[in-house]
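Peer 1: my questions are about this predicted structure, shown below with the sequence.
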There are 2 protein chains.
Amino acid sequence: MSEKRTEISDLGEFGLIDTLTKDFVSYSPSTIKGVGDDAAVIATSEEEVMLVSTDMLVEGIHFNLMYSPLMHLGYKSVVVNLSDIYAMNGTPKQITVSIAISSRFPLEAVEELYKGIKKACDIYQVDLIGGDTTSSLSGLMISITALGTAKKDEVVYRSGAKEYDLLVVSGDLGGAYMGLQVLERERAVFKANPEIQPDLDGHDYLLERQLKPEARKDVIQILKELEVHPTAMIDISDGLASEIMHICKASEVGCTIYDERIPLDAKTSIAAIEFNVDPVTTALNGGEDYELLFTIKQEDYEKVASNPNFTVIGHITDKASGVNLVDKNGSHIALKAQGWNHFAE
Amino acid sequence: MSEKRTEISDLGEFGLIDTLTKDFVSYSPSTIKGVGDDAAVIATSEEEVMLVSTDMLVEGIHFNLMYSPLMHLGYKSVVVNLSDIYAMNGTPKQITVSIAISSRFPLEAVEELYKGIKKACDIYQVDLIGGDTTSSLSGLMISITALGTAKKDEVVYRSGAKEYDLLVVSGDLGGAYMGLQVLERERAVFKANPEIQPDLDGHDYLLERQLKPEARKDVIQILKELEVHPTAMIDISDGLASEIMHICKASEVGCTIYDERIPLDAKTSIAAIEFNVDPVTTALNGGEDYELLFTIKQEDYEKVASNPNFTVIGHITDKASGVNLVDKNGSHIALKAQGWNHFAE
């Protein structure tokens, strides 16, 4: 009898999750939303819900300690989880942090990591309430779970986008990806010749986007002040294209976005050209920007369009129209999610 | 300038956690209990709380796939987390499961793992609500967070033990440790000569205690039916000695336990003698039994002593008396926690 062997890389992360979780059933009436959004949603009272999101970061896969300072890594590990709570229109309140570390790390290194974790807790006002610390045979792994709250009727899911809604993104995109390219280039130079000092000058913005991103807590607040309630929302962790596909799939709609509308910082565009990459591609497929992508009703257009934090990049269509990018010549190109597949390296 | 290097193994797990978390402050009034008990406690309404516990399991540290079937591993990974929720006198409702896996694992292996996870979800009626799947450079890591609920005034902390309370343990101890010894012996034999078939006959009970433990959901139910409300409680994951020290430290008390009272299954004692280990030591320092250790008021003695699930092993004293084990000759021996230190291997 030969045993079947299917490579996980053939499925990709989302195919794997679908395969593994499809047979699970729900026992608890308090489980409002399980797998399939930025965070799970649990009813805690008539009006309130708890939001739960978790992420695992693995050395050599998600970060490289050659250029990622441990303090920044600790900060970023927390922030990427909080971003998921904001993406549900919630307020993060607590986190748990588990780490596995090999004996190559002294206490002082772990303390640096926790300094970054504490800094994020202080800035975002969340409490560290638990975790686990263990040794590993090699490398560092960080697993964080973030817990937050929201009013039940204010939670924003990926699935609420309707035809004619407008697609909006906060901030600018592609910077984190270009920051990574700069760091990788200098790492390659250093490996070839350790005498050469890294040339990171002029790339502060991109490096900060990569090494010390922020979660858009302010966006949630601004939308409340503008009295705009998004119909669907997701955070941009895997690249704009991938996130748009998630919203369209969950909402059973299509959409049209305009590449000229995609917000890019000039520093991102300049670096992209320097690296021979199409600037728009850094936004579509780069990832790790931790901006928010959301849809709003047409009637809210004025409120959002006049705010410097937001850019309307397209609109929702019917499902049959598919997910399309309109280029400078007016050509429609079917969009493909080329977000990061951890399993295909 | 020379950089200071402190080995983490010099602190041990609990010293490390203390060092890393001591500077954190609490921002959210909903955080009732953070680091320092089996689970964190978050207020969700006037009467209700949410309990949160998390564990990380690392291949080569917590499990060896040479003798741990993936399905059992998945099952056990869930159960050990649920045990922490029961140890707070709560009911687990949801879990998140994150895994990091190297490309040496095919999809079929991960599906086996998830079969075990699903089995635990079905038996304990908890919902899988999220997680993360990523690749690793080597080995398998599993990080699980369990969420549960309890009435605020029914939560049992480690810190509630009072002088004269009785110390009670469920089930029997040391079996999981002896199961591990049997598996390790057969692994060593197999490494020396792969032709020899493993000799696991007659050790079913010990192997099940090690490979497929259960969380004592029933104990929580029985205590409710007996109308016994424990004053303090903890689950036995690191060995009885270590858990007793946790209760005494958190409650600021001492205790006296009698080694003849410690419940051991005959199969555990026989295997211990076969392996030249003192049977009582398997209970005190073995770990992974996932029984519950709790304290009750003296007035509840009759209710508990007559129940076959429980054994009264000693009583709480004042702090100054310390933590003592009384042996068969009536000698008092100061107890030391020799629970598993992951960092000293």
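Peer 2: Yep, it's here. Numbering: from 1, shown residues only, chains lettered A, B, ... in the order given.

Peer 1: and the helices in the stretch 101-250 of chain A, which stretches?
Peer 2: A:107-124, A:175-192, A:204-211, A:217-225, A:240-251 (DSSP state H, counting those that start in this stretch).

Peer 1: buried stuff in the shortest one?
Peer 2: When neighbours are counted by 16 or more other C-beta atoms under 10 Å in any protein chain shown, the buried residues of helix A:204-211 are found to be A:Y205, A:L206, A:L207, A:R209, A:Q210, A:L211. Backbone N, C-alpha and C define where each C-beta goes, glycine included.

Peer 1: which elements pack onto it?
Peer 2: With contacts defined as 3 or more C-beta pairs under 8 Å, 6 or more residues apart in numbering or on different chains; DSSP states H and E, helix A:204-211 has these neighbours: helix A:175-192, helix A:266-274.

Peer 1: got a list of contacts for the very next helix or strand once past the shortest one?
Peer 2: Translated: helix A:266-274. Moving toward the C-terminus from helix A:266-274, the next helix or strand (DSSP states H and E) is helix A:279-285. Helix A:279-285 is contacted from outside by A:173-175, A:177-178, A:239-242, A:259, A:262-264, A:268-269, A:272-273, A:289, A:325, A:335, A:338-339, using C-beta atoms under 8 Å, 6 or more residues apart in numbering or on different chains.

Peer 1: tell me the strands in chain A, going along the chain?
Peer 2: Taking DSSP state E, the strands of chain A run over residues A:31-33, A:40-43, A:48-58, A:91-101, A:127-135, A:140-151, A:166-170, A:232-235, A:254-258, A:292-296, A:310-317, A:323-326, A:332-334.

Peer 1: out of the ones you listed, which is closest to B:I316?
Peer 2: strand A:127-135 (25.9 Å; C-beta to C-beta).

Peer 1: got the CA positions of the closest one in CSV?
Peer 2: Written as CSV, here are the backbone C-alpha positions of strand A:127-135 (Å, rounded to 0.1, in the frame of the first residue of the first chain):
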residue,chain,number,x,y,z
ASP,A,127,-2.8,44.5,28.5
LEU,A,128,-0.5,41.5,28.3
ILE,A,129,-2.5,38.9,30.1
GLY,A,130,-0.7,35.6,29.5
GLY,A,131,1.3,33.4,27.2
ASP,A,132,3.8,30.6,27.2
THR,A,133,7.6,30.6,27.1
THR,A,134,9.4,27.5,25.9
SER,A,135,12.7,26.5,24.4
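
Peer 1: and the angle for it with strand A:91-101?
Peer 2: 10 degrees (axes from the mean of the first three to the mean of the last three C-alpha atoms, to 10 degrees).

Peer 1: helices and strands around strand A:127-135, which ones?
Peer 2: Strand A:127-135 packs on strand A:91-101, helix A:107-124, helix B:12-21, strand B:31-33, strand B:40-43, strand B:48-58, going by 3+ C-beta pairs under 8 Å, 6+ apart.

Peer 1: pull up the pairing partners for the first one, direction included.
Peer 2: Taking DSSP bridges as the criterion, strand A:91-101 forms sheet pairs with strand A:127-135 (parallel), strand A:140-151 (antiparallel).

Peer 1: got the buried residues for the shortest one?
Peer 2: Right, strand A:127-135. Buried, per 16+ other C-beta under 10 Å, within strand A:127-135: A:D127, A:L128, A:I129, A:G130, A:G131, A:D132, A:T133, A:T134, A:S135.

Peer 1: and that strand, how far out from the chain's middle?
Peer 2: 23 Å (C-alpha atoms, centre = their mean, to the nearest Å).

Peer 1: picking up where we left off before, check the helices and strands packed on strand A:127-135 for me: which has the lowest mean pLDDT.
Peer 2: Note on the helices and strands packed on strand A:127-135: lowest mean pLDDT is at helix B:12-21, with a mean of 86.

Peer 1: got a list of what the residue nearest the centre of chain A touches?
Peer 2: Taking C-alpha atoms, centre = their mean as the criterion, A:S237 is the residue nearest the geometric centre of chain A, at 2.0 Å. Residues near A:S237 by C-beta under 8 Å, 6+ apart: A:V80, A:S83, A:E243, A:G287, A:E288, A:D289, A:Y290.

Peer 1: low-confidence stretches in the stretch 101-250 of chain A?
Peer 2: Scanning the stretch 101-250 of chain A for pLDDT under 70 picks out nothing.

Peer 1: show me what from it comes close to chain B.
Peer 2: A:101, A:103, A:105-108, A:110-111, A:114, A:118, A:121-122, A:125-139, A:141, A:143, A:145, A:147, A:149 (C-beta under 8 Å from any C-beta of the partner chain).

Peer 1: which among those residues count as buried?
Peer 2: So, of those, A:101, A:105-107, A:110-111, A:114, A:118, A:121, A:126-136, A:138-139, A:141, A:143, A:145, A:147, A:149 end up buried under the neighbour-count rule (16+ other C-beta under 10 Å).

Peer 1: A:L240 and chain B: what is the separation?
Peer 2: 21 Å (C-beta to the nearest C-beta, to the nearest Å).

Peer 1: first-to-last residue distance for stretch A:135-143?
Peer 2: 13 Å (C-alpha to C-alpha, to the nearest Å).

Peer 1: likewise for stretch A:101-113?
Peer 2: 11 Å.

Peer 1: what do you get for stretch A:18-35?
Peer 2: Note: stretch A:18-35 ends 9 Å apart using C-alpha to C-alpha.

Peer 1: how many other residues sit next to A:N309?
Peer 2: 17 (other C-beta atoms under 10 Å in any protein chain shown).

Peer 1: which residues touch it?
Peer 2: With contact set as C-beta under 8 Å, 6+ apart, A:N309 has these partners: A:S170, A:G171, A:D218, A:V219, A:I222.
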